[in-house]
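Chemist: What would the 3D arrangement of this be:
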Amino acid sequence: MDFSATPSQVSLVTASALLAAMIGLFALLRRGQFLTTIIFSAAFLVMAALQAGTIGILRADSSEHARTWAMYIAGCSALASWLWLTLSVVLSRPDPWVQIRNAGAYLALALAGCVAMFYATATPFVVREVQGIGSDAVIVLGPMGKIYLMYLVLVMVAVVMNLERMLRTAPATAQRRLRPMFVAFLIGILADLLVVSAGLLYGGLRIEWLVASAAPMFIAGTVTALALARRRLSDMSVPVARPVIYYSSVSLTLAGGFLLTMAVLSKLLPVLTPEWKRSVSLTFYLLVGGGGVMLMLSPRANRSIKRFIDRNFYANRYDYRREWERVSGAITPTARLEDLCRQIETLVCSVFDSERVALYLLDSRRSVAEEPRMRRVHGPPGLPESVARSNPLVVQLDRVRVPVQLHDLSQDLDLLPAVVENRELVQALNAAVCSPLCVGDLMVGLLWLSEKRTDDDYTYEDVEFLGAMSRQIAAALWFARQAEQLAETRQLESLNRLSTFVLHDIKNHVSGLSLVVENARKHLANPEFQRDALAVVERTVANLRELMNQVAAVSRAPEMKPESVAVRSLVDEAIQASGLQPGESDGVRLSVTCRGLDPVQVDPRLVLRLLTNLLTNARESLGPNGHIELAVEIEGDEAQRPRRLVVEVRDNGRGMSEEFLRTGLFRPFATTKAGGLGIGLMQCRSIVEAHGGAIAVDSREGVGTRFTVSLPVVAVPAESAEAGAR
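Modeler: Numbering: from 1, shown residues only. Presented below is the predicted three-dimensional model:
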């Protein structure tokens, strides 16, 4: 009998069938999860049966006999479609029954379609006839034939989607175990998809296509057998590594576009001339092939396509509202730079599961002639201390203003120097991603992330979220850096002002002592001179101690030493110390009003300084014909409410602005006087607060100022005050 099938064709299909059967039987012998093992074995045994049907058609001696085998193949395909769909749901899952329940709806729908198609294959509605015999035979489809093929295509796309989701959600260590088997399954599915697509396009299936598909099926079976020999199915269990739910798939998108194109061509090709058919087909294959070559050869195009797919075809991995609250709560803008860097490392490592982090900030203290550099402010030891601003990677980041994955750069010849230039840092940190830190239009630093602890790759969504975080991180770091520099500047300015204040008083004291030293050479033996010199030294020592106390009071609260004292005596002493006299003197008129000034218990030293500072400030703010009003009284009745010493100092001087009252009053070294030091009012507030009192101010520019001080006091009998004074 003359068969058109060659021995090599029969041998190829036979080898593919035997290999599939061996895999199915071998899987049963390997211990594993019961449900997964049964479905896996059944799927491969059905594939072996399908290949056996192809052998039957190759060896059929009549068209009717070949049609019987064709219906058998169609029935096996319907059964295999459901088994492979179920296998893609449970494969490598730790609890397959849970996966079955979760996917129960569409598995039940697929099973109903499988049963319907299985029974339909026994009718002429699916397989109408087989024309020819052997490898030249053509299976002619009936009215439901294309619907049947469309059902197979949809199931195959769903299988690829499930396998893709399983591989994407698996940790990197599990991906290495699963990838060979996944690639094998993908090869087999794509081979069948091409055959089915050609059947849709031409309205029938050529047996030579089924024979040709046996070669990739044999390769896929070999890879699967090797993977199964190394590990059991139970060893490939994959827990979900992260909460990712994909609502679409790259596979679905590509398959949808492919099927749409095939559907259009299936309607278009029959009405075209043979020349146009060849031209259209050639154009289609060139476009598809050229696109594939471009994706393989152009890393930049590959990255762009991947980024577009990840951004538009996958659900978000992050709950951005929750994550942004987490970012905002983890970073304290007022923290010191070192503390802020530690906060950033903790945050970044927890969000992206990175092992280590390094931070570099622009050095703003360089000299003009020095090249701009970014200094390391945080990171493990062994990293370079600085990165030049002209570094190729820094230039690239300044241009794109988005994080880059170093793995992608190493695949792009144009950007390879950026990786080579930073090889020492990349190797020391095991860096995977570098993100620019930008504040407005200025790039102020770099954020380096190491590989993940789980060996997972950074996704494009990771990189985009890191880019958004980097702007927040950059603002916090730059604010902390500027705050530190501003604090240092203010400290230097404060030190300069305080030293000026201290040196001025010391100069006066040194002048007096110098005069004593000069006269001592002539009058040292004079007893009267000795008494005067000793008095000068004692007075100078007392003044220097008082100066030390004043300087110390700038940085700490005054120490309280309450004593019984007559208020009137404090008022008189303060007037004299401030260079004033009651009435009119030197163009300044002082009005003093005192009411009910019983002796009280306060710290006389501090209250004297308080009154002196207020009167001195009032005197120094006056112009010609100035007027100062001093009112002192004790308010309240001990029986009804606590008594308070109320002091009011009013002047008609130049006054103060609302802005200064709001932001500068009582601040150290803030003053409106040309030669002022801004220490007196700060001391006044400290003294008032130490007594538990309150100080208020009312001032208008060009009108004058009024200070009101209220101190809680305890009344002391007059005789007790006099005794204390003696």
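Chemist: Tell me how many other residues surround the nearest residue to Asp353 once chain neighbours are set aside.
Modeler: Nearest-residue entry for Asp353: Lys452, 4.7 Å, with adjacent residues in sequence omitted and distances by Cβ to Cβ, 6 or more residues apart in numbering. (C-beta placed from N, C-alpha, C; glycine too.) Burial of Lys452 is recorded as 19 neighbouring residues (other Cβ atoms under 10 Å).
Chemist: Lys452 touches Val351, doesn't it?
Modeler: No - using Cβ atoms under 8 Å as the test, Lys452 is too far from Val351 to be in contact (11.0 Å).
Chemist: Summarise which helices and strands the helix or strand hosting Val140 is packed against.
Modeler: Assigning secondary structure by DSSP states H and E places Val140 in strand 138-141. When contacts are defined as 3 or more Cβ pairs under 8 Å, 6 or more residues apart in numbering; DSSP states H and E, strand 138-141 sits against strand 127-131, strand 204-206.
Chemist: Return the list of strands paired to it, each annotated with direction.
Modeler: The strands that strand 138-141 pairs with in its sheet are strand 127-131 (antiparallel), strand 204-206 (antiparallel) (by DSSP bridges).
Chemist: which residues touch the last one?
Modeler: Residues outside strand 204-206 that contact it (Cβ atoms under 8 Å, 6 or more residues apart in numbering): 137-141, 195, 198-199.
Chemist: Closest one of the residues you listed to Gly693?
Modeler: For the contacts of strand 204-206, the minimum distance to Gly693 (Cβ to Cβ) is 96.1 Å, reached by Val195.
Chemist: Confirm that that closest one sits in a helix.
Modeler: Yes - with DSSP: H, G, I helix; E, B strand; the rest coil as the criterion, Val195 is part of a helix.
Chemist: Adjust the sequence numbering to begin at 5 for everything that follows.
Modeler: In the new count, where the first residue is 5, that last one comes out as Val199.
Chemist: and it, what is it in contact with?
Modeler: Neighbouring residues of Val199 by Cβ under 8 Å, 6+ apart: 209, 213-214, 217.
Chemist: sec struct for Val448, please.
Modeler: Val448 ends up strand, using three-state DSSP.
Chemist: Equivalent analysis for the one 5 residues further on, please.
Modeler: Each residue gets one of three states, and Leu453 gets strand by three-state DSSP.
Chemist: Which strand residues bridge it?
Modeler: In beta-bridge terms (that is, DSSP bridges), Leu453 pairs with Val361, Val437.
Chemist: Now do the SS call for Gly657.
Modeler: Gly657 - assigned by three-state DSSP - is coil.
Chemist: Backbone dihedrals for the spatially closest residue to it that is not a sequence neighbour, please?
Modeler: Nearest residue to Gly657, sequence neighbours excluded (Cβ to Cβ, 6+ apart): Ser625, at 3.1 Å. With angles defined as degrees, to the nearest 10, Ser625 sits at phi -90, psi -10.
Chemist: one step back: following element in sequence after the strand holding Val144, please.
Modeler: Downstream of strand 142-145, the first helix or strand assigned by DSSP H and E is helix 149-173.
Chemist: Done for today, thanks.
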